[in-house]
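S.K.: structure, please.
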Amino acid sequence: MSTHHGSVGDEGFDVTAVRAAYPALRDGVAYLDGAAGTQTPEPVIEAIAAAYRAGFGNVGGAFPASERAGTIVDACRAAVADLVGGRPEGVVLGANTTTLVYRFAGILGATWRPGDEIVLSRLDHDANVRPWVQAAARAGAAVRWAEVDPDSGELPAGQYDALLGARTRLVAVTAASNILGTRPDVAAITARAHAVGALTYVDGVHATPHGPVDARALGADFYATSAYKWSGPHVGAVVADPALLETLRPDKLAPSPDAVPQRFETGTAPFADLAGVTAAVDHLASLGGTRMGTRRQRLLASMAAVETYEQELFATLLGGLRDLPHVTLYGDPAHRTATAYFRVAGHTPSAVAQHLATRGVNVWSGHSYAWELTGSLGLRDTGGAVRAGLVHYNDTSDVTRLLAGVAELA
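M.R.: Below is the predicted model of the structure:
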């Protein structure tokens, strides 16, 4: 077992107390793979188990087990809305965000016509690219691309002035790159989109775990997030204005609900997992140490404390990697999540990941589904790079072990 030590930030962030809530961390491994999915704290595990213990039926029945299911769903929508700054009646739940993007690409794409245009970004995870590309191809719509500066890893907002026009129907953009951590100026991009009457779909999957979120301030008509990236179970959500959802008509089963947001959800929900989503949001709200205010207020304070803590720790990680002459780091954006993407001279990315695994450090290597971005960086066809990302339960010893493992490869 490793000896873990962290710091208590000015906002009351106590990483030792946070780590104690995560049973998986007791194996002593440095889990620096959070960008691909986080570990799960005890309150979430217990909420899922408690839902199964209590028993539930499908929604809409006359008996208590059915009522319990309905209560779970309502609580989950309210929790996700609090996390991202939406309204519960605008929270669409699904198996994962990729499934939900395909759902909305099918719905919105059905309204597009030849000559219409959509604007995508090379910064995005392929889940916020391919479904739109395919929907555009079906509709005969054109795809226009916002490009990434390969040196800085930035997605300049100014380029959208030349990309948008009267026929632009949708602008899809990420709130944070899942490999470089780049946080583009989403509000500036969406303002330009709205000025030409286009809808905006913001991928918040990587951004949400790393700081406070206000989907409305970002200008997101649709904001996507995945609970398993912020200590919850494998459930995805898309949050939109209920009035916007009312204007959309998805394919659905004849007897299934026609109300918003239920009309967008297919099949029976994973009720126990939805209970876990609510518990995960409550867990995030507790990380800053404050018990004052509404859950939304506590989340904003808590996630600000998380962001401060992660950035302090990331400075150590980034500085340590920069000090190693055999390491090449990719991207140096002005605003970023605590996510590093790097190569080690003389070793393939997969060999680096395998070496680190023998040292008790979990990282990913490859393209990490950032298909367009790794292509733009010239890395996709040669093994991508190594990704190490921090989340709120990582500490100094995790970073120290990563740096020691990489240094061994000199």
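
S.K.: packing partners for the helix or strand hosting residue 143?
M.R.: Assigning secondary structure by DSSP states H and E places residue 143 in strand 142-146. Contact partners of strand 142-146 among helices and strands, from 3 or more Cβ pairs under 8 Å, 6 or more residues apart in numbering; DSSP states H and E: strand 117-121, helix 130-139, helix 160-163. To be clear about C-beta, it is placed using only N, CA and C from the backbone, and glycine gets the same treatment.

S.K.: which residues of the chain score low on pLDDT?
M.R.: Applying pLDDT under 70 to the chain flags the ranges 1-12.

S.K.: what number of residues lie near the residue lying closest to residue 250 once chain neighbours are set aside?
M.R.: Spatial nearest neighbour of residue 250, chain neighbours left out: residue 107 (4.9 Å); criterion: Cβ to Cβ, 6 or more residues apart in numbering. Look at residue 107: counted by other Cβ atoms under 10 Å, it has 16 neighbours.

S.K.: OK, contacts around residue 107?
M.R.: 248, 249, 250, 264 (Cβ atoms under 8 Å, 6 or more residues apart in numbering).

S.K.: let me know the secondary structure of the nearest residue to the last one once chain neighbours are set aside.
M.R.: Nearest residue to residue 264 in three dimensions, chain neighbours excluded: residue 92, at 4.5 Å (Cβ to Cβ, 6+ apart). The local conformation at residue 92, judged by DSSP: H, G, I helix; E, B strand; the rest coil, is strand.

S.K.: still on that earlier bit, which of the contacts of residue 107 are buried?
M.R.: For the contacts of residue 107, a neighbour count by 16 or more other Cβ atoms under 10 Å gives the buried set as residue 264.

S.K.: just the contacts of residue 107: which are in helices?
M.R.: With DSSP state H as the criterion, helices contain none of these.

S.K.: give me the number of residues near the residue lying closest to residue 311 once chain neighbours are set aside?
M.R.: Spatially, and ignoring its direct neighbours in sequence, residue 311 is nearest to residue 338 (6.3 Å; Cβ to Cβ, 6+ apart). The tally of other residues near residue 338 (other Cβ under 10 Å) stands at 28.

S.K.: one more: residue 149?
M.R.: 15.

S.K.: what helix or strand is it on?
M.R.: Going by DSSP H and E, residue 149 is not part of any helix or strand.

S.K.: for it, give me its contacts.
M.R.: Contacts of residue 149 (Cβ under 8 Å, 6+ apart): 155, 156.

S.K.: secondary structure class for the nearest residue to residue 359 once chain neighbours are set aside?
M.R.: In space, residue 359 comes closest to residue 405 once its chain neighbours are excluded; the distance is 4.2 Å by Cβ to Cβ, 6+ apart. With three-state DSSP as the basis, residue 405 sits in helix.

S.K.: residue 405 and residue 363 touch, don't they?
M.R.: No: between residue 405 and residue 363 there is no contact under Cβ atoms under 8 Å: 9.1 Å.

S.K.: send the alpha carbons of the helix or strand hosting residue 357 over as PDB?
M.R.: Assessed by DSSP H and E, residue 357 sits inside helix 349-358. The C-alpha trace of helix 349-358 is given here as PDB (Å, rounded to 0.1, in the frame of the first residue of the first chain):
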ATOM      1  CA  PRO A 349       2.600   5.000 -25.800                       C
ATOM      2  CA  SER A 350       1.200   1.500 -25.100                       C
ATOM      3  CA  ALA A 351       4.600   0.400 -23.800                       C
ATOM      4  CA  VAL A 352       4.700   3.400 -21.500                       C
ATOM      5  CA  ALA A 353       1.200   2.600 -20.200                       C
ATOM      6  CA  GLN A 354       2.200  -1.100 -19.700                       C
ATOM      7  CA  HIS A 355       5.400   0.000 -17.800                       C
ATOM      8  CA  LEU A 356       3.400   2.300 -15.500                       C
ATOM      9  CA  ALA A 357       0.800  -0.400 -14.800                       C
ATOM     10  CA  THR A 358       3.700  -2.500 -13.400                       C
END
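
S.K.: following element in sequence after that helix, please.
M.R.: Proceeding N to C from helix 349-358, the next assigned helix or strand is strand 361-362, under DSSP H and E.

S.K.: residue 379 and residue 386, how far apart?
M.R.: 11 Å (Cβ to Cβ, to the nearest Å).

S.K.: ok, these two, which is more surrounded?
M.R.: Between residue 379 and residue 386, counted using other Cβ under 10 Å, the more crowded position is residue 386 (29 against 20).

S.K.: quick check: the more buried one is in a strand.
M.R.: Yes: remark: residue 386 belongs to a strand, assigned using three-state DSSP.

S.K.: can you map out the helices along the protein?
M.R.: Using DSSP H, helices in the chain cover 15-20, 42-54, 64-84, 97-109, 130-139, 160-163, 186-195, 215-218, 242-246, 271-286, 295-322, 349-358, 371-376, 396-407.

S.K.: can you tell me which of these is packed in deepest?
M.R.: Greatest average neighbour count among the helices of the chain goes to helix 271-286 (a mean of 25), per mean count of other Cβ atoms under 10 Å.
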